[in-house]
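Chemist: Got a predicted model here, sequence first, then my questions.
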Amino acid sequence: MNNFFSPAEICENMVNGCNNKAKLPISKMLVLGIFAGVFIGFGAYGFTVITSGAGTGFEATFAKYIGAGVFPVGLMLVVICGAELFTGNNLMTLSLFKKEITVGAMLRNWGVVWMANLIGSVLLAWLMSQSGLYGEAMTAKAIGIAEAKCAIPLMPVIIRAIFCNMLVCLAVWMQSGAKDIIGKIFAIWFPIMLFVLSGFEHSVANMFFIPMGIFCGADVTWAQAFLNNILPVTLGNIIGGAVIIPACYHFTYAKKSAA
(Lines give C-alpha, C1' and ligand atoms only; values in the text may rest on other atoms or scores of the structure.)
Protein backbone atom coordinates (compact mmCIF):
# COMPACT_ATOMS: atom_id res chain seq x y z
CA MET A 1 0.00 0.00 0.00
CA ASN A 2 1.41 3.37 -1.04
CA ASN A 3 1.97 5.97 1.68
CA PHE A 4 1.32 8.75 -0.83
CA PHE A 5 -1.40 9.76 -3.29
CA SER A 6 -1.03 9.83 -7.06
CA PRO A 7 -1.04 13.21 -8.87
CA ALA A 8 -4.65 12.66 -9.97
CA GLU A 9 -5.65 11.86 -6.37
CA ILE A 10 -3.76 14.93 -5.14
CA CYS A 11 -5.75 17.05 -7.59
CA GLU A 12 -9.01 15.64 -6.23
CA ASN A 13 -7.87 16.23 -2.65
CA MET A 14 -6.90 19.81 -3.47
CA VAL A 15 -10.27 20.54 -5.10
CA ASN A 16 -12.12 19.22 -2.04
CA GLY A 17 -9.92 21.28 0.24
CA CYS A 18 -10.45 24.42 -1.83
CA ASN A 19 -14.21 23.85 -1.79
CA ASN A 20 -14.09 23.80 2.00
CA LYS A 21 -12.05 27.00 2.09
CA ALA A 22 -14.71 28.77 0.05
CA LYS A 23 -17.34 27.80 2.65
CA LEU A 24 -15.45 29.10 5.70
CA PRO A 25 -17.23 31.82 7.70
CA ILE A 26 -15.47 35.19 7.56
CA SER A 27 -14.77 35.05 11.31
CA LYS A 28 -12.78 31.82 10.88
CA MET A 29 -10.99 33.18 7.81
CA LEU A 30 -9.88 36.17 9.87
CA VAL A 31 -8.60 34.17 12.83
CA LEU A 32 -6.84 31.56 10.70
CA GLY A 33 -5.52 34.25 8.34
CA ILE A 34 -3.99 36.21 11.23
CA PHE A 35 -2.39 32.99 12.47
CA ALA A 36 -0.91 32.35 9.01
CA GLY A 37 0.59 35.85 8.93
CA VAL A 38 2.18 35.21 12.32
CA PHE A 39 3.42 31.74 11.30
CA ILE A 40 5.10 33.01 8.13
CA GLY A 41 6.52 35.88 10.18
CA PHE A 42 8.09 33.37 12.58
CA GLY A 43 9.89 31.78 9.64
CA ALA A 44 11.01 35.20 8.39
CA TYR A 45 12.27 36.11 11.86
CA GLY A 46 14.28 32.89 12.03
CA PHE A 47 15.82 33.68 8.64
CA THR A 48 16.82 37.14 9.90
CA VAL A 49 18.38 35.73 13.08
CA ILE A 50 20.57 33.30 11.14
CA THR A 51 21.67 35.68 8.40
CA SER A 52 22.18 38.84 10.49
CA GLY A 53 25.66 37.90 11.75
CA ALA A 54 27.08 36.69 8.45
CA GLY A 55 29.86 38.52 6.63
CA THR A 56 30.39 38.30 2.89
CA GLY A 57 31.30 35.69 0.30
CA PHE A 58 30.95 32.05 1.27
CA GLU A 59 29.98 32.91 4.85
CA ALA A 60 27.00 34.95 3.65
CA THR A 61 25.99 32.27 1.16
CA PHE A 62 26.18 29.52 3.78
CA ALA A 63 24.18 31.61 6.27
CA LYS A 64 21.52 32.24 3.61
CA TYR A 65 21.37 28.49 2.96
CA ILE A 66 20.84 27.72 6.66
CA GLY A 67 18.31 30.57 6.95
CA ALA A 68 16.43 29.23 3.94
CA GLY A 69 16.31 25.85 5.70
CA VAL A 70 14.62 27.43 8.73
CA PHE A 71 12.10 29.58 6.87
CA PRO A 72 9.84 26.65 5.80
CA VAL A 73 8.68 26.20 9.42
CA GLY A 74 6.16 28.95 8.61
CA LEU A 75 4.34 26.94 5.94
CA MET A 76 4.65 23.78 8.03
CA LEU A 77 2.74 25.52 10.80
CA VAL A 78 0.14 26.79 8.32
CA VAL A 79 -0.50 23.38 6.75
CA ILE A 80 -0.12 21.02 9.70
CA CYS A 81 -1.55 23.17 12.50
CA GLY A 82 -4.19 24.74 10.27
CA ALA A 83 -4.29 28.33 9.01
CA GLU A 84 -5.36 30.31 5.96
CA LEU A 85 -2.52 31.62 3.76
CA PHE A 86 -3.28 33.82 0.77
CA THR A 87 -0.57 32.40 -1.47
CA GLY A 88 -1.57 28.79 -0.86
CA ASN A 89 -5.23 29.69 -1.30
CA ASN A 90 -4.44 30.88 -4.82
CA LEU A 91 -4.92 27.19 -5.71
CA MET A 92 -8.66 27.74 -5.22
CA THR A 93 -8.84 28.41 -8.96
CA LEU A 94 -8.73 24.61 -9.30
CA SER A 95 -12.25 24.50 -7.87
CA LEU A 96 -13.24 27.50 -9.98
CA PHE A 97 -12.07 25.77 -13.16
CA LYS A 98 -14.20 22.74 -12.18
CA LYS A 99 -17.16 25.09 -11.52
CA GLU A 100 -17.49 23.86 -7.94
CA ILE A 101 -17.11 27.35 -6.42
CA THR A 102 -18.00 30.81 -7.70
CA VAL A 103 -15.68 33.70 -8.49
CA GLY A 104 -17.33 35.63 -5.67
CA ALA A 105 -16.64 32.91 -3.10
CA MET A 106 -13.02 32.68 -4.18
CA LEU A 107 -12.43 36.45 -4.13
CA ARG A 108 -14.16 36.67 -0.76
CA ASN A 109 -11.66 34.19 0.64
CA TRP A 110 -8.68 35.84 -1.01
CA GLY A 111 -9.63 39.33 0.15
CA VAL A 112 -10.34 38.41 3.76
CA VAL A 113 -7.31 36.12 4.06
CA TRP A 114 -4.94 38.65 2.44
CA MET A 115 -6.02 41.33 4.92
CA ALA A 116 -5.82 38.91 7.83
CA ASN A 117 -2.33 37.79 6.76
CA LEU A 118 -1.32 41.47 6.69
CA ILE A 119 -2.74 42.08 10.17
CA GLY A 120 -0.92 39.07 11.62
CA SER A 121 2.38 39.89 9.92
CA VAL A 122 2.44 43.57 10.88
CA LEU A 123 1.30 42.80 14.43
CA LEU A 124 4.13 40.28 14.84
CA ALA A 125 6.63 42.74 13.36
CA TRP A 126 5.56 45.49 15.77
CA LEU A 127 5.70 43.15 18.77
CA MET A 128 9.16 41.94 17.71
CA SER A 129 10.30 45.56 17.42
CA GLN A 130 9.29 46.03 21.07
CA SER A 131 10.79 42.74 22.28
CA GLY A 132 14.41 43.80 22.67
CA LEU A 133 15.51 40.90 20.46
CA TYR A 134 16.68 43.15 17.65
CA GLY A 135 20.22 44.17 18.51
CA GLU A 136 22.53 46.15 16.25
CA ALA A 137 23.17 43.35 13.74
CA MET A 138 19.53 42.26 13.61
CA THR A 139 18.34 45.85 13.18
CA ALA A 140 20.81 46.47 10.36
CA LYS A 141 19.72 43.25 8.65
CA ALA A 142 16.01 44.10 8.97
CA ILE A 143 16.61 47.57 7.52
CA GLY A 144 18.72 46.16 4.70
CA ILE A 145 16.09 43.58 3.75
CA ALA A 146 13.27 46.15 3.68
CA GLU A 147 15.19 48.72 1.67
CA ALA A 148 16.45 46.13 -0.82
CA LYS A 149 12.97 44.71 -1.40
CA CYS A 150 11.47 48.14 -2.04
CA ALA A 151 14.25 48.98 -4.51
CA ILE A 152 13.57 46.07 -6.89
CA PRO A 153 12.20 47.33 -10.26
CA LEU A 154 8.62 46.44 -11.18
CA MET A 155 9.17 43.74 -13.80
CA PRO A 156 11.86 41.82 -11.87
CA VAL A 157 9.79 41.87 -8.68
CA ILE A 158 6.75 40.45 -10.52
CA ILE A 159 8.85 37.72 -12.17
CA ARG A 160 10.39 36.75 -8.83
CA ALA A 161 6.90 36.64 -7.31
CA ILE A 162 5.61 34.37 -10.09
CA PHE A 163 8.40 31.85 -9.50
CA CYS A 164 7.93 32.11 -5.74
CA ASN A 165 4.31 31.12 -5.69
CA MET A 166 4.82 28.39 -8.25
CA LEU A 167 7.13 26.79 -5.67
CA VAL A 168 4.83 27.57 -2.71
CA CYS A 169 1.83 26.03 -4.46
CA LEU A 170 3.89 23.03 -5.53
CA ALA A 171 4.87 22.59 -1.87
CA VAL A 172 1.19 22.72 -0.87
CA TRP A 173 0.39 20.33 -3.73
CA MET A 174 3.09 17.83 -2.73
CA GLN A 175 2.23 17.82 0.98
CA SER A 176 -1.35 16.98 0.01
CA GLY A 177 0.06 13.81 -1.52
CA ALA A 178 1.67 12.68 1.75
CA LYS A 179 -0.25 10.49 4.18
CA ASP A 180 1.94 11.17 7.22
CA ILE A 181 3.39 14.19 9.03
CA ILE A 182 7.01 13.45 8.09
CA GLY A 183 6.07 13.23 4.43
CA LYS A 184 4.29 16.58 4.64
CA ILE A 185 7.28 18.21 6.35
CA PHE A 186 9.72 17.11 3.67
CA ALA A 187 7.31 17.99 0.86
CA ILE A 188 7.07 21.53 2.23
CA TRP A 189 10.71 21.95 3.23
CA PHE A 190 12.57 21.67 -0.06
CA PRO A 191 10.44 23.87 -2.39
CA ILE A 192 10.18 26.62 0.25
CA MET A 193 13.90 26.46 1.02
CA LEU A 194 14.55 26.77 -2.72
CA PHE A 195 12.41 29.88 -3.17
CA VAL A 196 14.08 31.64 -0.23
CA LEU A 197 17.57 30.64 -1.38
CA SER A 198 16.74 31.83 -4.90
CA GLY A 199 15.68 35.30 -3.76
CA PHE A 200 12.09 35.01 -4.97
CA GLU A 201 9.38 37.30 -3.56
CA HIS A 202 6.53 36.15 -1.29
CA SER A 203 3.80 38.69 -0.50
CA VAL A 204 2.98 37.44 3.00
CA ALA A 205 6.63 37.08 4.04
CA ASN A 206 7.18 40.64 2.83
CA MET A 207 4.24 41.77 4.98
CA PHE A 208 6.60 40.94 7.86
CA PHE A 209 10.02 41.78 6.40
CA ILE A 210 9.20 45.30 5.20
CA PRO A 211 7.18 46.51 8.22
CA MET A 212 9.91 45.05 10.45
CA GLY A 213 12.44 47.17 8.60
CA ILE A 214 10.22 50.24 8.89
CA PHE A 215 9.86 49.73 12.65
CA CYS A 216 13.66 49.42 12.85
CA GLY A 217 14.18 52.71 11.00
CA ALA A 218 14.44 51.78 7.31
CA ASP A 219 14.25 54.62 4.78
CA VAL A 220 10.99 53.21 3.42
CA THR A 221 7.49 54.70 3.64
CA TRP A 222 4.34 52.64 4.02
CA ALA A 223 3.27 53.77 0.54
CA GLN A 224 6.57 52.47 -0.89
CA ALA A 225 6.13 49.20 1.00
CA PHE A 226 2.83 48.55 -0.76
CA LEU A 227 3.35 50.18 -4.16
CA ASN A 228 6.95 49.07 -4.73
CA ASN A 229 6.67 45.56 -3.33
CA ILE A 230 3.67 44.06 -1.55
CA LEU A 231 1.03 44.82 -4.21
CA PRO A 232 3.10 43.90 -7.30
CA VAL A 233 4.36 40.80 -5.48
CA THR A 234 0.75 39.87 -4.74
CA LEU A 235 0.00 40.15 -8.46
CA GLY A 236 2.98 37.98 -9.38
CA ASN A 237 2.04 35.42 -6.72
CA ILE A 238 -1.46 35.20 -8.22
CA ILE A 239 -0.04 34.60 -11.72
CA GLY A 240 2.23 31.83 -10.45
CA GLY A 241 -0.10 30.21 -7.95
CA ALA A 242 -3.60 30.86 -9.29
CA VAL A 243 -2.96 30.65 -13.03
CA ILE A 244 0.12 28.65 -14.02
CA ILE A 245 0.06 25.74 -11.54
CA PRO A 246 -3.74 25.21 -11.31
CA ALA A 247 -4.29 25.63 -15.06
CA CYS A 248 -1.68 22.99 -15.92
CA TYR A 249 -2.86 20.48 -13.34
CA HIS A 250 -6.53 21.06 -14.07
CA PHE A 251 -5.87 20.37 -17.76
CA THR A 252 -3.84 17.23 -17.08
CA TYR A 253 -5.58 15.67 -14.06
CA ALA A 254 -9.03 17.23 -13.54
CA LYS A 255 -10.43 18.08 -16.96
CA LYS A 256 -12.21 15.22 -18.66
CA SER A 257 -10.88 14.52 -22.15
CA ALA A 258 -13.28 14.63 -25.05
CA ALA A 259 -14.34 11.23 -26.33
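Modeler: Yep, it's here. No experiment lies behind these values; they were computed from the predicted model shown.
Chemist: Worst mean pLDDT across the helices and strands of the protein, which element?
Modeler: Of all helical and strand segments in the chain, the minimum by mean pLDDT, DSSP states H and E falls on helix 58-70, at a mean of 90.
Chemist: So which bits of it are buried?
Modeler: For helix 58-70, the neighbour count (16 or more other C-beta atoms under 10 Å) marks A63, K64, G67, A68, G69, V70 as buried. In this view, the C-beta of every residue, glycine as well, is placed from N, C-alpha and C.
Chemist: and what of stretch 152-163?
Modeler: With burial defined by 16+ other C-beta under 10 Å, the residues of stretch 152-163 counted as buried are I152, V157, I158, I159, R160, A161, I162, F163.
Chemist: from these, which is closest to A247?
Modeler: Of all the buried residues of stretch 152-163, I162 has the smallest distance to A247: 13.1 Å, by C-beta to C-beta.
Chemist: Next SSE downstream of the least confident helix or strand of the chain?
Modeler: Heading C-terminal from helix 58-70, the first helix or strand you meet, by DSSP states H and E, is helix 73-76.
Chemist: Centre of the chain to that following helix, how far?
Modeler: 9 Å (C-alpha atoms, centre = their mean, to the nearest Å).
Chemist: What lies in contact with it?
Modeler: With C-beta atoms under 8 Å, 6 or more residues apart in numbering as the test, helix 73-76 has contacts from 39-44, 46, 85, 88, 168, 171-172, 184-185, 188-189, 192, 205.
Chemist: Same list (the buried residues of helix 58-70) but as CSV, adding distance to G33.
Modeler: Below are the buried residues of helix 58-70 laid out as CSV (distance: C-beta to C-beta, whole Å):
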residue, distance to G33
A63, 31
K64, 29
G67, 25
A68, 25
G69, 26
V70, 23
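Chemist: Between those, which sits nearest L197?
Modeler: Checking these against L197 with C-beta to C-beta, the nearest one is A68 at 4.1 Å.
Chemist: and the buried residues of stretch 152-163 as JSON lines, adding distance to K99, secondary structure and pLDDT?
Modeler: Listed next are these as JSON lines, based on distance: C-beta to C-beta, whole Å; DSSP: H, G, I helix; E, B strand; the rest coil; pLDDT from 0 to 100:
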{"residue": "I152", "distance to K99": "37", "secondary structure": "coil", "pLDDT": "98"}
{"residue": "V157", "distance to K99": "33", "secondary structure": "helix", "pLDDT": "98"}
{"residue": "I158", "distance to K99": "29", "secondary structure": "helix", "pLDDT": "98"}
{"residue": "I159", "distance to K99": "31", "secondary structure": "helix", "pLDDT": "98"}
{"residue": "R160", "distance to K99": "32", "secondary structure": "helix", "pLDDT": "98"}
{"residue": "A161", "distance to K99": "28", "secondary structure": "helix", "pLDDT": "98"}
{"residue": "I162", "distance to K99": "26", "secondary structure": "helix", "pLDDT": "98"}
{"residue": "F163", "distance to K99": "29", "secondary structure": "helix", "pLDDT": "98"}
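Chemist: which one of those residues is nearest L96?
Modeler: Within these, proximity to L96 (C-beta to C-beta) peaks at I162, which comes in at 19.2 Å.
Chemist: who are the neighbours in contact with the closest one?
Modeler: I162 makes contact with G236, N237, I239, G240, I244 under the criterion C-beta under 8 Å, 6+ apart.
Chemist: Thank you kindly, that will do.
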